[in-house]
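1. Sequence first, predicted coordinates after that:
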Number of protein chains: 2
Amino acid sequence: MGTGVLWQGAQGTDVVPRAQEVVSRLKSMGKKVFLVTNNSTVTQDDCYRKCNTLGFSVERESIICAPFVLAQYLKEINFQKKVYVVGAAAIAQEMQDAGIRCIGIGPERIGGSIYAALAEGKLGLDPEVGAVAVGFDREFSYDKLVRAVTYLANPECLFLATNTDEKYIVTGTPLHLPAAGILVKAIEKASSRQAQVMGKPSPTILYMLQARYGVQPQKTLVIGDTLASDIMFGNECGMWSVLVLTGVASLQDARNLSLANDPLLQKQIPLFYLESVADILTLLDSAANNNVNEQH
Amino acid sequence: MGTGVLWQGAQGTDVVPRAQEVVSRLKSMGKKVFLVTNNSTVTQDDCYRKCNTLGFSVERESIICAPFVLAQYLKEINFQKKVYVVGAAAIAQEMQDAGIRCIGIGPERIGGSIYAALAEGKLGLDPEVGAVAVGFDREFSYDKLVRAVTYLANPECLFLATNTDEKYIVTGTPLHLPAAGILVKAIEKASSRQAQVMGKPSPTILYMLQARYGVQPQKTLVIGDTLASDIMFGNECGMWSVLVLTGVASLQDARNLSLANDPLLQKQIPLFYLESVADILTLLDSAANNNVNEQH
């Protein structure tokens, strides 16, 4: 749960009515609640502060941001080299917290003829780099593309991506911004390699939740607003997928998937849908009443 | 014919032995000879000067560069608006010569929050823009990507590309540079639109040669060194395709295509191959001798 599920709006600060209550109620019932976001420009701390400000009662540990997953993954495989990051400062922050060294944040420029720089080995590459990690990067440039592709020419260099979301909706307009997935695709195409993806719908996050918190997919609801990431993540990982209509996808979008007759798109069809996450309260009340009735 | 066919090497100034003689001989026989290049960073004038310097006897009119084709296409459809160019100065030069207005050459930067800039309509867009044209752009950046995608959100805005070559070989190294096709793919993916391609293997160049010079595809040899552009162009346009081994593709590359069992790749299999364009002289000599013998 996160943007579009718990909050929405142009600044992402309009809390979905009763959303805090949903989180508290689930926790009071002994359920584990995790906030999982593909946003590659926020750290766990950023999300934690936002949750506090908006009145959500969640622990820092139950917040899972793509940059955090990326850094934890590298830590778990005992990665000792440097990471060349095409991405935002949040990635560097999570890397630093995990004890992983990284370079590449901010604008980068290769001087002079780029053909000559590559031919003469003067691209300014760091020989300690052993991984390229890609997220959303406002400073993305041809020069960064060249450096990434050149690191990736070494088959031992790892290739990781925070997420593959292609569009970032601009609230209140029919427009969107190109998201991390566009940059990932460009680097994949230019390097003839495929990135290992950390965020939804990749199962990497589920593996982490299973290892750390004993999450059992068959007993887990994934509540999301995005078909290609949230719902696909739930469906593909054997969890129960629930679409809420307070964010990116509409019910019509979900219906169009059924009509598409494409196996990949059909993996994005939600098992359930709710107008809003608040409807969970109604369902829980109703379930509680039914239990009372049955006991009579 | 061009790089890899007539000349080669790190600076592209090593003339293939006897290549000038091939051009002169074909012309002396009354054949039309065209030099067609997908390179989006050179103008017809640049190519003409290079040909002169390297001793090739060709007219300016027989040189066909992707930026020239792009500009001529816009002129032919009587395009009156401005073109937003993601590309090099050569495109602007050809546009200017064709009387087409364009913007976007060089570095571009959108100040402040790009989300806010898009939401508030402060992206610095020019309302006169009616086409986006993409070639190789050393100054390619996220900000240019956003502007291109936002122009293309208007379905009436044309979307053109000089070429779709994805790799630019760096001579003397196993490395390559991402080429125009990577930038085109990124903008296509981010805009959910498909560019109309000017260069090889698109038939646009053939249409131009047919209209202007009466070129008949069934009587035309396409001599090239690149399977996905030159040879595919020849095969798909009903011309005779000849691979020369002095450039990008090896005979093994062509053989691998036959094994691939992929219809798209099989369209790239050359009809003939020659070690070098110079072998045409031997073939012509041999044909001439046979004719003499038959007359006796």
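-> Alright, I've got the coordinates. Numbers count the residues shown, from 1 in each chain, chains lettered A, B, ... in the order given.
2. Could you list the domains of chain A?
-> A:7-66+A:201-291, A:68-197 (automatic domain parsing).
3. for those, which one ends up most surrounded?
-> domain A:68-197 (a mean of 20; mean count of other Cβ atoms under 10 Å in any protein chain shown). C-beta: built from backbone N, CA, C; applies to glycine.
4. and of the domains of chain A, who's closest to residue B:287?
-> domain A:68-197 (40.3 Å; Cβ to Cβ).
5. wait, does that closest one make contact with chain B?
-> Yes: applying Cβ under 8 Å from any Cβ of the partner chain, one finds domain A:68-197 touching chain B at A:114-115, A:118-119, A:137-142, A:145-146, A:149-150, A:153, A:166-168, A:170-178, A:181-183, A:185-186, A:189-190.
6. Restricted to strands, list the residues you listed.
-> Residues of the residues of domain A:68-197 next to chain B located in strands (DSSP state E): A:167-168, A:176-178.
7. for the longest helix anywhere in chain A, packing partners?
-> Secondary structure of chain A read by DSSP state H shows that its longest helix is helix A:279-295. Helices and strands touching helix A:279-295, by 3 or more Cβ pairs under 8 Å, 6 or more residues apart in numbering or on different chains; DSSP states H and E, are helix A:19-28.
8. Output the contacting helices and strands for the helix it packs on.
-> Taking 3+ Cβ pairs under 8 Å, 6+ apart as the contact cut, helix A:19-28 packs with helix A:279-295.
9. Centroid-nearest residue for chain A?
-> Closest residue to the average C-alpha location of chain A: residue A:38 at 1.4 Å, with Cα atoms, centre = their mean.
10. Pretty sure that residue sits against residue A:199.
-> Yes: contact criterion Cβ atoms under 8 Å: residue A:38 and residue A:199 qualify, at 3.9 Å.
11. residues shared between the contacts of those two?
-> A:66, A:162-163, A:165, A:229 (Cβ atoms under 8 Å, 6 or more residues apart in numbering or on different chains).
12. what's the farthest-apart pair in these?
-> Going by Cβ to Cβ, the pair spanning these furthest: A:162 and A:229, at 11.6 Å.
13. residues shared between the contacts of the two?
-> A:38, A:199.
14. Dihedrals phi and psi, the spatially closest residue to residue A:7 that is not a sequence neighbour?
-> Sequence neighbours aside, residue A:15 is the residue nearest to residue A:7 in space, at 5.1 Å (criterion: Cβ to Cβ, 6 or more residues apart in numbering or on different chains). Phi and psi for residue A:15, reported as degrees, to the nearest 10, are phi -70, psi 130.
15. and residue A:15, what is it in contact with?
-> Contacts of residue A:15 by Cβ under 8 Å, 6+ apart are A:6-7, A:54-55.
16. ok, now with 10 Å
-> A:6-9, A:54-56 (Cβ atoms under 10 Å, 6 or more residues apart in numbering or on different chains).
17. Nearest to chain B among those?
-> Nearest to chain B among the contacts of residue A:15, counting by Cβ to the nearest Cβ, is residue A:9 at 11.4 Å.
18. Run through the strands of chain A in chain order.
-> A:7-8, A:14-15, A:35-37, A:63-65, A:82-86, A:102-103, A:129-134, A:158-161, A:167-169, A:176-178, A:196-197, A:221-224, A:240-244, A:272-274.
19. now those as a markdown table including distance to residue A:289 and mean pLDDT?
-> Below are the strands of chain A laid out as a markdown table (distance: least, Cβ to Cβ, whole Å; pLDDT from 0 to 100):
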| stretch | distance to residue A:289 | mean pLDDT |
| --- | --- | --- |
| strand A:7-8 | 29 | 90 |
| strand A:14-15 | 27 | 93 |
| strand A:35-37 | 29 | 96 |
| strand A:63-65 | 33 | 96 |
| strand A:82-86 | 52 | 98 |
| strand A:102-103 | 53 | 98 |
| strand A:129-134 | 50 | 98 |
| strand A:158-161 | 46 | 98 |
| strand A:167-169 | 38 | 90 |
| strand A:176-178 | 43 | 96 |
| strand A:196-197 | 43 | 98 |
| strand A:221-224 | 21 | 97 |
| strand A:240-244 | 21 | 98 |
| strand A:272-274 | 19 | 97 |
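20. Those: which one's closest to residue B:254?
-> Nearest of the strands of chain A (Cβ to Cβ): strand A:158-161, 29.6 Å.
21. Show me what the closest one pairs with in its sheet, parallel or antiparallel.
-> strand A:129-134 (parallel), strand A:196-197 (parallel) (DSSP bridges).
22. follow-up on the earlier one: got the angle for the longest helix of chain A vs helix A:19-28?
-> 40 degrees (axes from the mean of the first three to the mean of the last three Cα atoms, to 10 degrees).
23. How far off centre is helix A:279-295?
-> 33 Å (Cα atoms, centre = their mean, to the nearest Å).
24. Residue B:241: which of the strands paired with strand A:158-161 is closest?
-> strand A:129-134 (37.3 Å).
25. just the ones in strands among the residues of domain A:68-197 next to chain B now: which is nearest chain B?
-> residue A:178 (3.8 Å).
26. wait, that closest one sits on residue A:166?
-> Yes: look at residue A:178 against residue A:166 with Cβ atoms under 10 Å: they come within range, at 7.2 Å.
27. so what sits against both of those two?
-> Common neighbours of residue A:178 and residue A:166 (Cβ under 10 Å, 6+ apart) are A:185, B:189-190.
28. Please narrow these to those residing in helices.
-> A:185, B:189-190.
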